[in-house]
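**Student:** I would like the atomic coordinates for the input below:
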Amino acid sequence: MGNPDHILVVDDDLGLRELLDRYFVGNGYRVTTVANGRQMREVLANHRVDLIVLDLMLPGDDGLMLCRNLRANQAYDIPILMLTARGDEADRIVGLEMGADDYLTKPFAPRELLARIRSVLRRAEMLPRNLAASEKARLFRFGEWKLDTVGRFLVDADETVVSLSGAEYRLLRVFLDHPQHVLNRDQLLNLTQGREAEVFDRSIDLLVSRLRQRLRDDAREPSYIKTVRSEGYVFAASVDALPEPS
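**Tutor:** Just a heads-up that it's a prediction; the model follows:
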C-alpha cells in the first residue's frame, strides 16, 4: 500500500482538532493538527500535505487571508476545505473565490467532512498521472493573452484587464497546465467544481462557453479551446510561462 494522504487541520478549537485527528486516523489518513497560521506554515515548510482543513475564524490571520496567501504562493498548490461557524452565504462565496475547493458550516458530522475530503482528493487526482502540472509561474502567455495567476485575471494585447470568476480561472488553469491534451467532461467537471451535488451534466459546456467569451474566442472556429467530438475539449494554443518581473 502507498503512503496515506496527509491532512492538515488548522483550527483553534482544541476539542475539534482532537476529534478530527482520531476520526481521520481511524479512516486511514495521516493527520497533523495546528491552531493558527504560523503553525500551519511551519508544517507546510517541513512536510508534504495533501489537503488542508482550514477554519475561517482564527486568531491572527483568519482563514480567508491564509487561503489567499496560499493561493498566491505557487509553491503550495494544495486543496483547501474551509470551515466556519457562520452560515453567511457571502462568506462561502468569498472563500470559494479566494481559492478554497469546498466549504462546510459548523456544526457538522465528521462523516460529512470526510465525504467532502474524499471528494476533493478525488478531484485533485482526476488527471492521468502522466499529465504533470506545469511549472509554477506568476504569468502565463498564450496567443494575445497573459494570465496573472496571483490576481487571477487576464490581460490582452492592449493591456486591458479582464476579470475571471473562480470557476473560469480554475478551468483556464487546467487548460494552461495541460495544453494539447484532450480532457473529457468528467475530468474537467471534477477539477473545476465545488461540491459534486451542485454539478450537472452540461455545466462544463456552459463554463467553457463563458471562458470562450472572456477570451473572445469564436465558438464556431475557436483558436484556443477546441471541441473534440465525443471526447471533450483541448486547449490548442501554445503556452509559455513568463519569468517573474524584476
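**Student:** helices or strands up against the lengthiest helix in the chain?
**Tutor:** Ranked by residue count and defined by DSSP state H, the top helix of the chain is helix 110-124. Contacts defined by 3 or more Cβ pairs under 8 Å, 6 or more residues apart in numbering; DSSP states H and E place helix 110-124 against helix 14-26, strand 51-55, strand 80-84, strand 102-105, helix 185-192. All C-beta spots, glycine's among them, are computed from the backbone N, C-alpha and C.
**Student:** Low-confidence stretches in this protein?
**Tutor:** Low-confidence segments of the chain (pLDDT under 70): 1-2, 73-76, 86-98, 124-137, 190-202, 244-246.
**Student:** how many neighbours does F153 have?
**Tutor:** F153: 15 surrounding residues under other Cβ atoms under 10 Å.
**Student:** Which residues are in contact with it?
**Tutor:** Counting by Cβ atoms under 8 Å, 6 or more residues apart in numbering, F153 touches 147, 161-164.
**Student:** Which PyMOL command selects the buried ones in these?
**Tutor:** Entered in PyMOL, the line below selects the buried ones among the contacts of F153, by 16 or more other Cβ atoms under 10 Å:
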select buried, resi 147+164
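**Student:** Can I get the contacts of F153 in JSON lines including secondary structure and distance to H178?
**Tutor:** As requested, the contacts of F153 are exported to JSON lines (DSSP: H, G, I helix; E, B strand; the rest coil; distance: Cβ to Cβ, whole Å):
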{"residue": "L147", "secondary structure": "strand", "distance to H178": "14"}
{"residue": "V161", "secondary structure": "strand", "distance to H178": "25"}
{"residue": "V162", "secondary structure": "strand", "distance to H178": "22"}
{"residue": "S163", "secondary structure": "strand", "distance to H178": "23"}
{"residue": "L164", "secondary structure": "coil", "distance to H178": "18"}
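**Student:** how about the strands in this structure?
**Tutor:** In the chain, the segments counted as strands under DSSP state E are 6-10, 30-34, 51-55, 80-84, 102-105, 139-142, 145-148, 153-155, 161-163, 225-228, 232-235, 240-242.
**Student:** end-to-end on stretch 30-39?
**Tutor:** Using Cα to Cα, to the nearest Å, the end-to-end distance of stretch 30-39 comes to 17 Å.
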